[in-house]
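Peer 1: Predicted coordinates and the sequence they were generated for:
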Amino acid sequence: MIKHAGRAVALTAAGLTLAPVLAPALAEPAPLNFIWIVADDLGYGDTGFNGSTQIPTPHMDRIAEAGIAMSSAYVSAPVCGPSRAGYHTGMYQHRFGHEGLVGNSGLGTPTDVLMIQEHLQTLGYHTGLVGKFHDGKAEQYQPWNRGFDEYYGFNNGALTYWVGDNEEQLLYRNDTLVEREDRYLTDAFGEEAVDFIARNAESPFFLEVAFTAPHAPMEATEQKLAEFEHLGERQVVAAMISSMDDAIGDILDELETQGIAHQTMVVLFSDNGGKLSNQADNGPLRDQKATTFEGALRVPFAAALPGVIPAKQRSDVMISALDLFPTTVLLAGGELLPDWTLDGKDILPVLTGASQVSPHDQLFWRYNNHWALRDGDWKLMRSGRHPMMLFNLADDIGEQDNRSEQQPARVKQLREQWNRTSAELGPAAWGPYKGEVERD
């Protein structure tokens, strides 16, 4: 479905010609490394850079302070599996039918749809995944067959944080089952990521660190639980987030130790919004994951690249996790061919502060009986049994003032646009709405 071609490394994107990133004492330009740090169900309001005062996240905040925090960053689905299919491919996952959780459908992201790690391999990158994948369960969908040179993790929605004897037979190192894992899973993922960096510091790499925190099961170490005993019902989620933040700190420290922090782009985001029943805090946003309110779709997002992305920035420009695919390809020295069907856009001008304009006129969502369309500041949506609603996010980020009755013409216009986009993207390949593009 997508054909990819590479070229010699040149840091050029959207009309911006960037100075080469030079390694110390070297005359030749050093290729960039890329680390995507993905949290699972992390609440919008559960990071310091988004205003949390209950849970210290100094290392997530390090990324934001070293670069930019994006306050209007979205994912393409309100739940894990399809969201990951979207950001791995740079396409609305609906283009290949990946609308809901795969479950036991026997399907997954088609192998003729290239993922970011597969394309980076063609550009000479060593690729690694630590943590959660969550795609199809058949052999052809497994991470070792989808472009990851190294893999330590699991391909499922969730896994206990205390694996022990691996009785569920879900945890793998490459294509081999791990017999036993005695480390707390978040700690294990952090240590595996640090080890990957240490072993691959001399060659360009792409590393995705897909933590499971703070997704259920709600489990934390005794040490961390003791630190947050004062938070009552929020104790466990705070302990889980803090453990993840510690692991992120170890990753950032290892980049410094290896002397490659200056040539490594680090991006942090969540696969979807937080789950309120697990005590997530989505800040000013309404509702939670698995809906199409902002609390499901708008996520914490920070990115840093020394010498390219200026430090201590904050932007409200609308971006999508889909944008990571084309932006990374361009920074890695690849090209975006005109016949590709990417829905993501190059956001480097936004991340550098060169542009204050979103590359997207609209963003689209469809998940079972939940749907939405954001057009500029306006958002038309329906979520489950809720009626169709229209909000202006510029002055109503909490989605409390439904303006559908006052703006019937806008409702009609946006609904017609949603219908056209839904038809163009195609139907779901599995689930309760299999074969359908229309939604009430």
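Peer 2: That came through, no problem.
Peer 1: Would you mind splitting the protein into its domains for me?
Peer 2: Domain assignment for the chain by automatic domain parsing gives 29-360, 364-425.
Peer 1: Mind checking the pLDDT average for the longest one?
Peer 2: Domain 29-360 shows a mean pLDDT of 97.
Peer 1: so how far is it from its chain's centroid?
Peer 2: Relative to the chain's own centre, domain 29-360 is displaced by 5 Å; criterion: C-alpha atoms, centre = their mean, to the nearest Å.
Peer 1: Deepest in the core, which of the domains of the chain is it.
Peer 2: The highest mean neighbour count among these, using mean count of other C-beta atoms under 10 Å, belongs to domain 29-360: a mean of 21. All C-beta atoms are positioned from the backbone trio N, CA, C, and that covers glycine.
Peer 1: Would you convert the domains of the chain into a markdown table that also reports distance to Lys434?
Peer 2: Shown next, in a markdown table, are these (distance: least, C-beta to C-beta, whole Å):
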| stretch | distance to Lys434 |
| --- | --- |
| domain 29-360 | 8 |
| domain 364-425 | 11 |
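Peer 1: do you know which of these lies nearest Arg439?
Peer 2: For Arg439, the closest of these is domain 364-425, at 5.0 Å, according to C-beta to C-beta.
Peer 1: and that closest one, what's its mean pLDDT?
Peer 2: Mean predicted confidence for domain 364-425 is 97.
Peer 1: how far does that domain stretch from start to finish?
Peer 2: Taking C-alpha to C-alpha, to the nearest Å, domain 364-425 runs 10 Å from one end to the other.
Peer 1: repeat for stretch 341-355
Peer 2: End-to-end distance of stretch 341-355: 24 Å, with C-alpha to C-alpha as the criterion.
Peer 1: the helices in the chain, which residues?
Peer 2: Listed in chain order, the helices of the chain (DSSP state H) span 58-66, 80-89, 116-122, 185-200, 222-227, 235-257, 294-297, 324-331, 348-352, 408-425.
Peer 1: on that earlier part again, so which of the domains of the chain gets nearest Tyr433?
Peer 2: Among the domains of the chain, the nearest to Tyr433 by C-beta to C-beta is domain 364-425 (5.9 Å).
Peer 1: distance between the ends of stretch 275-284?
Peer 2: Where stretch 275-284 begins and where it ends lie 14 Å apart, using C-alpha to C-alpha.
Peer 1: and if you look at stretch 174-191?
Peer 2: 16 Å.
Peer 1: hmm, who's touching that stretch?
Peer 2: Applying C-beta atoms under 8 Å, 6 or more residues apart in numbering, the contact partners of stretch 174-191 are 130-131, 142, 144, 150-153, 159-166, 169, 171-172, 209-213, 221, 240, 243-244, 246-248, 250-251.
Peer 1: same thing but at 7 Å, please
Peer 2: 130-131, 144, 150-151, 159, 161-166, 169, 171-172, 209, 211-213, 221, 243-244, 247, 250-251 (C-beta atoms under 7 Å, 6 or more residues apart in numbering).
Peer 1: Could you pick out which of those residues are located in strands?
Peer 2: Among the contacts of stretch 174-191, the residues falling in strands (DSSP state E) are 130-131, 150-151, 172, 209.
Peer 1: between these, which is nearest Gln288?
Peer 2: Gly131 (22.0 Å).
Peer 1: Identify the bridge partners of that closest one.
Peer 2: Under DSSP bridges, the beta-bridge partners of Gly131 are Gly153, Ala210.
Peer 1: Quick check, it in contact with Ala210.
Peer 2: Yes - proximity of Gly131 to Ala210 meets the contact threshold set by C-beta atoms under 7 Å, at 3.4 Å.
Peer 1: okay, and the common contacts of these two?
Peer 2: Gly153.
Peer 1: Tabulate the ones in strands among the contacts of stretch 174-191 (JSON lines), appending distance to Thr57.
Peer 2: Below are the ones in strands among the contacts of stretch 174-191 laid out as JSON lines (distance: C-beta to C-beta, whole Å):
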{"residue": "Val130", "distance to Thr57": "19"}
{"residue": "Gly131", "distance to Thr57": "18"}
{"residue": "Glu150", "distance to Thr57": "27"}
{"residue": "Tyr151", "distance to Thr57": "27"}
{"residue": "Tyr172", "distance to Thr57": "29"}
{"residue": "Val209", "distance to Thr57": "15"}
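Peer 1: Between all of the residues you listed, which two are separated the most?
Peer 2: Greatest spatial distance among the ones in strands among the contacts of stretch 174-191 (C-beta to C-beta): Tyr172 and Val209, at 15.8 Å.
Peer 1: Which stretches in the stretch 301-440 of the chain count as strands?
Peer 2: With DSSP state E, counting those that start in this stretch, the ranges of strands along the stretch 301-440 of the chain come out as 301-304, 313-315, 319-320, 362-367, 370-375, 378-383, 389-392.
Peer 1: Which other helices and strands does the first one contact?
Peer 2: Helices and strands in packing contact with strand 301-304 are listed as helix 58-66, strand 68-70, strand 264-270; criterion 3 or more C-beta pairs under 7 Å, 6 or more residues apart in numbering; DSSP states H and E.
Peer 1: got JSON lines for those, with distance to Asp187 too?
Peer 2: JSON lines is the format used below for those (distance: least, C-beta to C-beta, whole Å):
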{"stretch": "helix 58-66", "distance to Asp187": "14"}
{"stretch": "strand 68-70", "distance to Asp187": "26"}
{"stretch": "strand 264-270", "distance to Asp187": "18"}
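Peer 1: now for these, which one comes closest to Gly106?
Peer 2: Among the helices and strands packed on strand 301-304, strand 264-270 comes nearest to Gly106, with 28.2 Å by C-beta to C-beta.
Peer 1: Dump the C-alpha coordinates for that closest one into CSV.
Peer 2: Extracted in CSV, the C-alpha atoms of strand 264-270 (Å, rounded to 0.1, in the frame of the first residue of the first chain):
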residue,chain,number,x,y,z
THR,A,264,18.9,12.4,19.8
MET,A,265,15.3,13.5,19.3
VAL,A,266,13.1,12.4,22.3
VAL,A,267,9.4,12.5,22.1
LEU,A,268,7.0,11.7,24.9
PHE,A,269,3.2,11.2,24.6
SER,A,270,0.4,8.9,25.7
